[in-house]
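Undergrad: Give the three-dimensional model of this entry:
(chains A and B)
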Amino acid sequence: MSQFYTSTDHFVLLPALLLAMFGCAVLLFDFWIFPQEQLRKHLIWFVALGEAFTAIALFRQYSFLNEHGGELVAFNGALVIDGFALFFHWLFLAATLIVALISYRYLEVREEHHGEYYGILMLAQCGMFFLASGTDLVTMFVGLELMAVSFYILVGFLRTDKRSNEAALKYLLLGAFSSGFLAYGFSLLYGMAGSTRLRDVATAVAARDLKDPILLMAIGTVSVGLFFKVSAVPFHMWAPDAYEGAPTSVTAFLSVGSKAASFALLIRLFTALGAARSVWEPVLAGVAVLSLTIGNFAAVTQTNTKRLLAYSSISHAGYMLLGLVAGNDRGLQGMLVYLLVYTFMNLGAFLVIIALNQKDVAGEDVADLGGLIHRNPGYALLMLVFLLSLAGIPPTAGFIGKYYIFMALVEAKMYFLAVIAALYVAVAVFYYFRMVRSMFVEKQEHAGPLTTSFGMRAALVVTGLATLVVGLYPEPFVRLAQTSLMR
Amino acid sequence: MPDFSLPAAVPISWYLILSAVLFTLGIAGFLLRRSIITVFMSIELMLNAVNLTFVTFSYKLKAVDGHIFTFFVMVVAAAEAAVGLAIILTVFRNRSTLEIDEVNSLKL
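TA: Below you'll find the model as predicted:
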């Protein structure tokens, strides 16, 4: 009989514990200690402190793994810290910090500035921790729901805004629906394996006949749940609505944090189902191609930038799924690199849209970008970098992500998929350049300078630099993805 | 004369079939009903079907993992209901309707 709560358990759990504690503390502090409006802005320092402690805990785990290699297993195999998990934890940390930095001004402008926003942000990050580190069906399910429920609240954060309510409602209903599917799949997997540990599930799946109806049903329901979470076609309906209605700072977090965490879950689960690869691989390929098709073509006609980026994020999900379809090491590497660059370039694009949001201007239409080059050249050039990167044009980071996915497909001799994926880049260039044209060619829609905050400028510099540096000097980042995947 | 007497113990498969039926009913309710509250209840039905499957397998395997998962599903369902009803309430306050088709200011 193993010990109940060992020091290893504590070491592995520490970042999540810190996030949960600080998240709850922010909620309580907001209520008791900072009731006055003017004190509330100091809550952000509390978030920064929590994230700093989390970073220290993560760094200690990182140096432990560097020294001893292998992985840290806790709670009898329910949680694991390996290179893969750490890669995602750093990504979530960066995304949460950037979003917390920029939220202050945005919420101030929308007149919905409340301290609990930051608390829920950290709780969502805590849920993501369990998604990337969980190796037990229970841990994964609870982590997923912690993240999802936090996001339901965040999406509907503008209480008096009809569109924010509606987005939250749609996200809630479809999110809970997909969780139901995932949980049902988990119950069937448990029935086959007799245990909720992922490695037992993997052995049980390997021992089964591939035509076993229970196995097929389990894979089917689990895939439906996962495709919902990563917003892959045909389960993408919630994404454009939730992205458009949510406060833009939340949209940014939703599009990178939730997506990266869901992909971590997806990679872990499909790897565990690896023995049944011949069953899910064609489905995955079909879903990926559909996501590319619908995502790219639907984005062409959009006039709302948030909605346009929602469809583009659906097509990005398609590219990342192709990395898993390729099924080789380079494919998985490509997915991690893609997620890394996607996080920064997509965050950056949303940051510029948030900057356009002023007191009396929503700034969410493509037309609102009009003449940005005259109004604020710095923002216009940064947006150009982000859009080039999203389209996948060298020398920006987006190119590196796509390049690795294509390489993986070619190595796996899936030339057809590689050609399709490459062709859709052309469609993507078309709609991203509509935004570029608006910025550089069309006449200015709104007068007056853009008021911004220090946090916003800092966040833009970080995301802009990341997008350029990964594009110009990808070597260390690719190696990072490689070492993350080593077992 | 055919034997209509019930078996002494209900076979395991009946529970699984029942839970599959409940799950399907939940999906059907989610897709077909037009009232937000009913749609939300259908989701709860799906989660309860999941619970039944877990308990059944747990009973058959004589292992406690399934029971544990059931408790977590119940907790999650409660949290989801709390947040969900709050969101539904704000939607109702802003629009005074609970028909899903009338909540459509974001274009499809």
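Undergrad: what sits against residue A:11?
TA: Contact analysis of residue A:11 by C-beta atoms under 8 Å, 6 or more residues apart in numbering or on different chains lists A:60, A:61, A:64, A:72, A:74. Heads up, the C-betas are built off the backbone N, CA and C, glycines and all.
Undergrad: Return the residues in contact with residue 106.
TA: Defaulting to chain A. Neighbouring residues of residue A:106 by C-beta under 8 Å, 6+ apart: A:247, A:248, A:249, A:354, A:357.
Undergrad: please go with chain B instead
TA: The contact partners of residue B:106, taken as C-beta under 8 Å, 6+ apart, are A:163, A:166, A:167, A:170, A:240, A:241, A:244, A:245.
Undergrad: Quick check: the third one touching residue A:154?
TA: By that I understand residue A:167. No - Residue A:167 is not in contact with residue A:154 according to C-beta atoms under 8 Å; the separation is 10.4 Å.
Undergrad: Mutual contacts of these two, please.
TA: Taking C-beta under 8 Å, 6+ apart as the contact rule, the neighbours common to residue A:167 and residue A:154 are residue A:246.
Undergrad: quick one: the longest helix seen in chain B to chain centroid distance?
TA: In chain B, taking DSSP state H as the definition, the longest helix is helix B:65-95. Centre-to-centre, helix B:65-95 and its host chain are 11 Å apart (C-alpha atoms, centre = their mean, to the nearest Å).
Undergrad: In that helix, which residues are buried?
TA: Residues of helix B:65-95 classed as buried: B:65-66, B:69-70, B:72-73, B:76-77, B:80-81, B:83-84, B:86-88, B:90-91, B:94 (neighbour count, 16 or more other C-beta atoms under 10 Å in any protein chain shown).
Undergrad: likewise stretch A:266-279?
TA: Neighbour counts over stretch A:266-279 (16+ other C-beta under 10 Å) mark A:266, A:267, A:268, A:269, A:270, A:272, A:273, A:275, A:276, A:279 as buried.
Undergrad: Helix, strand or coil: sort out the closest residue to the first one other than its chain neighbours for me.
TA: Nearest-residue entry for residue A:266: residue A:226, 4.8 Å, with adjacent residues in sequence omitted and distances by C-beta to C-beta, 6 or more residues apart in numbering or on different chains. With DSSP: H, G, I helix; E, B strand; the rest coil as the basis, the three-state label of residue A:226 is helix.
Undergrad: For residue A:226, which residues are in contact?
TA: By C-beta under 8 Å, 6+ apart, the residues touching residue A:226 are A:182, A:262, A:265, A:266, A:269, A:270.
Undergrad: Do I have it right that the fourth one meets residue A:317?
TA: Just to be clear, that refers to residue A:266. No - the pair residue A:266 / residue A:317 is not scored as a contact, 9.8 Å apart, by C-beta under 8 Å.
Undergrad: anything in contact with each of those two?
TA: Shared contacts of residue A:266 and residue A:317 (C-beta under 8 Å, 6+ apart): residue A:230.
Undergrad: Apart from its neighbours in sequence, what residue is nearest residue 60?
TA: You didn't say which chain, so I picked chain A. residue A:11 (7.6 Å).
Undergrad: wait, chain B
TA: Distances taken as C-beta to C-beta, 6+ apart put residue B:12 closest to residue B:60, at 5.1 Å, once the chain neighbours are dropped.
Undergrad: got a list of what that neighbour touches?
TA: Residue B:12 neighbours (C-beta under 8 Å, 6+ apart): B:56, B:59, B:60.
Undergrad: State the distance from the second one to residue A:218.
TA: As for residue B:59, its distance to residue A:218 is 19 Å (criterion: C-beta to C-beta, to the nearest Å).
Undergrad: Looking at those two, which has the bigger crowd around it?
TA: residue A:218 (26 against 13; other C-beta atoms under 10 Å in any protein chain shown).
Undergrad: So the more buried one is in contact with residue A:185, correct?
TA: Yes - Residue A:218 is within contact range of residue A:185, at 5.1 Å (criterion: C-beta under 8 Å).
Undergrad: List, one by one, the residues from the stretch 1-150 of chain A near chain B.
TA: Residues of the stretch 1-150 of chain A lying close to chain B by C-beta under 8 Å from any C-beta of the partner chain are A:137, A:138, A:141, A:142, A:145, A:149.
Undergrad: Take the residues you listed and keep only those in helices.
TA: Mapping the residues of the stretch 1-150 of chain A next to chain B onto helices (DSSP H) picks out A:137, A:138, A:141, A:142, A:145, A:149.
Undergrad: Confirm that residue A:451 sits in a helix.
TA: No - per three-state DSSP, residue A:451 lies outside any helix segment and is coil.
Undergrad: Spatially, what comes nearest to it if we skip its sequence neighbours?
TA: For residue A:451, ignoring the flanking residues on the chain, the nearest one in space by C-beta to C-beta, 6+ apart is residue A:358 at 6.7 Å.
Undergrad: which intervals of chain B have sub-threshold pLDDT?
TA: Scanning chain B for pLDDT under 70 picks out B:1-4, B:6, B:107-108.
Undergrad: Pass me the low-pLDDT residue ranges in the stretch 351-487 of chain A, would you?
TA: Filtered on pLDDT under 70, the stretch 351-487 of chain A yields the residue ranges A:487.
Undergrad: Now the element after the helix or strand residue A:251 falls within, going C-ward?
TA: Using DSSP states H and E, residue A:251 sits in helix A:248-253. Note on helix A:248-253: by DSSP H and E, the next helix or strand toward the C-terminus is helix A:259-272.
Undergrad: then the helix holding residue A:251 to CSV, C-alphas only?
TA: The C-alpha coordinates for helix A:248-253 follow below in CSV (Å, rounded to 0.1, in the frame of the first residue of the first chain):
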residue,chain,number,x,y,z
THR,A,248,-12.2,40.5,-26.1
SER,A,249,-9.6,39.9,-23.4
VAL,A,250,-11.5,36.7,-22.6
THR,A,251,-11.7,35.8,-26.3
ALA,A,252,-8.0,36.0,-26.5
PHE,A,253,-7.5,33.8,-23.5
